[in-house]
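> sequence and predicted structure below; questions after.
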Amino acid sequence: MDGYSGDVDSDSTKQQERHYYLLSELQTLVKDLPSSFQQRLSYNTLSDLALALIDGTVYEIVQGLLDIQHLTEKNLYNQRQKLHCEHQGLKQDLVRKHKDALLSCKSHNLDMELLLREEQRMMDKKIVAEIDQKVIDQQNTLEKAGVPGFYITTNPQELTMQMNLLELILKLQQKESQSGII
């Protein structure tokens, strides 16, 4: 029974040491943030964040969210580029087919330009909506994982604070992986 108690104490001591280490590192990293954000990150918030980071699960979650975000951004960029190339092709075909009539047929050319511009605008709105949904999904995931400071919001100041928290998490993860701690 004493051996078991010693193991629990040892694990508890290791977790407490890790908590203090993470808290200390976070306090150091926070100094690089603008002072307006430093003031909003209390000792308790940083301590809660350090607790959430202890087992490394949050690092894995953040990395997964980052991978999904990069894939989504790449996919949306490719969709937009494809539409742009299709529009360029349509414009070139129009010019080629109607080279002589182009000067006398300005209204037809203008209609095509307006149609293409509207299609591009709709694609851009779709992209923004999809990115906004990714942000909500990320906020929800991190909130459910118990990461302090994360909840669903569209408030620009809160979004900036959440981005700063993510930056702290990523910098700490990078520092730990470089030093072989994780």
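Ah, there it is.
> name the nearest residue to residue 170, sequence neighbours excluded.
residue 62 (6.7 Å; Cβ to Cβ, 6 or more residues apart in numbering). Where C-beta positions appear, they are placed from N, C-alpha and C, glycine not excepted.
> after the helix or strand hosting that neighbour comes which helix or strand?
Using DSSP states H and E, residue 62 falls within helix 57-97. With elements assigned by DSSP H and E, the helix or strand that comes after helix 57-97 is helix 106-144.
> avg pLDDT for that next one?
Helix 106-144 shows a mean pLDDT of 88.
> residue 168 in helix, strand or coil?
Taking DSSP: H, G, I helix; E, B strand; the rest coil as the rule, one finds residue 168 in the helix state.
> would you agree it is in contact with residue 49?
Yes - Residue 168 is within contact range of residue 49, at 7.4 Å (criterion: Cβ atoms under 8 Å).
> need the residues touching each of the two.
Common neighbours of residue 168 and residue 49 (criterion: Cβ atoms under 8 Å, 6 or more residues apart in numbering): residue 26.
> the nearest residue to residue 145 once chain neighbours are set aside: what's it in contact with?
Spatial nearest neighbour of residue 145, excluding adjacent residues (Cβ to Cβ, 6+ apart): residue 61 at 5.3 Å. Counting by Cβ under 8 Å, 6+ apart, residue 61 makes contact with 141, 142, 145, 147.
> any idea which of those is closest to residue 17?
Nearest to residue 17 out of these is residue 147 (Cβ to Cβ; 21.4 Å).
> the spatially closest residue to that closest one that is not a sequence neighbour: helix or strand, and which one exactly?
Spatially, and ignoring its direct neighbours in sequence, residue 147 is nearest to residue 52 (5.1 Å; Cβ to Cβ, 6+ apart). Assigned by DSSP H and E, residue 52 belongs to helix 43-53.
> buried stuff in that helix?
45, 46, 47, 48, 49, 50, 51, 52, 53 (16 or more other Cβ atoms under 10 Å).
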